[in-house]
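A.B. asks: sequence and predicted structure below; questions after.
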Amino acid sequence: MCTRAVSGLAHYLERQDLPTTAIVLIRGHAALLRPPRALAVPFELGRPFGAPEAPDFQRRVLVEALSLLERMDGPLLVDFPDSPPRPGPDLADWSAPIEASPPVGEAEALARAVRLEVASLRPFRDQWVREHGGRQLDRITPFELDDIVDLIGGFTRDQSIDNPMPAFPPERTVKFAADDLKHFYYQAALSRPGRITDIELDNWFFGESVAGELLLRLKAALLDSDDEELRSFGERSLVPSHQAHRTPSA
């Protein structure tokens, strides 16, 4: 459940004389809604307890959140002080499925580079799918990857282009398309031996791949939009918070 919903639900329950505590991942949202008691954690989205296979650390997070129930001086927003533990040394065994691609300049050159990169990664992605019984994390949309690249590139240049999924707002269509592209890359990366964290996976995608460059350019274009909803979408929905320091190369 998102930070805003958790905070709102906590206020409702407290009005029914039910004490609450929460773990929140987006501190800014919690600060605006002032939940009765909340522990703000500096972890990536989807990991409210920090890291998998780290029960002692997860228990610390849970105990810290529950300990806030002893406090009656709310609203409270307490920061958890530590980062999650890193995985073991076998992380070093992982290697990227392809070499880092050089930066590209013009929009059409960028699109061509992404298509070539996708072609290079396809055997690795197909290997991951085979190893997982045909399960696919991409294919949220009905589009082929070349069409997704064209859609994202077109939306980067002009947010008024035709929406190929009219049942959804244009930004939601683009979000689905961007997720399909990312998930294709992530499946390819995960086919390689060794362990890799979600953050390291994002570091590879947004720091080394041409597709990551494409999404960084899309975010930059949306942040310059006059439309408040598009700016908000670009700020929150395309690039993880721990990659927010990255900017397009051109």
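C.D. replies: Looks like it arrived, so ask away. Numbering: from 1, shown residues only.
A.B. asks: what ranges do the helices span in the protein?
C.D. replies: Remark: helices of the chain, listed N- to C-terminal, are 3-15, 27-33, 55-67, 107-131, 145-157, 170-190, 198-208, 210-223, 228-236; assignment by DSSP state H.
A.B. asks: burial check on D79, number of neighbours?
C.D. replies: The number of residues packed near D79 is 9, by other Cβ atoms under 10 Å. C-beta coordinates here come from the backbone N, C-alpha and C atoms, glycine included.
A.B. asks: for the closest residue in space to L145 that isn't next to it in sequence, what are its contacts?
C.D. replies: The spatial neighbour of L145 that comes closest, neighbours along the chain excluded (Cβ to Cβ, 6 or more residues apart in numbering), is V118 at 5.1 Å. With contacts defined as Cβ atoms under 8 Å, 6 or more residues apart in numbering, V118 is in contact with 145-146, 149, 184, 211.
A.B. asks: ok, now how distant is V118 from Q243?
C.D. replies: Computed with Cβ to Cβ, to the nearest Å, the distance linking V118 and Q243 is 20 Å.
A.B. asks: any idea of the mean pLDDT in stretch 136-146?
C.D. replies: Per-residue pLDDT over stretch 136-146 has a mean of 91.
A.B. asks: what does it contact?
C.D. replies: Contacts for stretch 136-146 (Cβ under 8 Å, 6+ apart): 115, 118, 129, 148, 151, 164-165, 173, 176-177, 179-181, 183-184, 186-187.
A.B. asks: about what we covered before: which of the contacts of V118 lies at the shortest distance from E106?
C.D. replies: Compare each of those with E106 using Cβ to Cβ and the shortest gap goes to V149, at 14.2 Å.
A.B. asks: what's the residue nearest to the closest one when sequence neighbours are not counted in contact with, if anything?
C.D. replies: The shortest distance from V149 to any non-neighbouring residue, by Cβ to Cβ, 6+ apart, is to V114 (4.9 Å). Neighbour list for V114: 149, 210-211, 214 [criterion: Cβ under 8 Å, 6+ apart].
A.B. asks: which of those residues has the most neighbours?
C.D. replies: Neighbour-wise, the contacts of V114 (other Cβ under 10 Å) top out at A211, 27 neighbours.
A.B. asks: surely it and Y185 touch.
C.D. replies: Yes: counting by Cβ atoms under 8 Å, Y185 is a contact partner of A211 at 5.9 Å.
A.B. asks: common neighbours of these two, please.
C.D. replies: With Cβ under 8 Å, 6+ apart, A211 and Y185 have common neighbours F205.
A.B. asks: pull out the buried residues from stretch 29-36.
C.D. replies: Using 16 or more other Cβ atoms under 10 Å as the burial criterion, the residues of stretch 29-36 that qualify are 29-31, 33, 35-36.
A.B. asks: and stretch 161-174, by the same measure?
C.D. replies: Those would be 163, 165, 170-171, 173-174, for stretch 161-174 by 16+ other Cβ under 10 Å.
A.B. asks: dump the residues you listed to JSON lines, plus distance to F124.
C.D. replies: Rendered in JSON lines, the data for the buried residues of stretch 161-174 read as follows (distance: Cβ to Cβ, whole Å):
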{"residue": "N163", "distance to F124": "31"}
{"residue": "M165", "distance to F124": "28"}
{"residue": "P170", "distance to F124": "31"}
{"residue": "E171", "distance to F124": "30"}
{"residue": "T173", "distance to F124": "27"}
{"residue": "V174", "distance to F124": "25"}
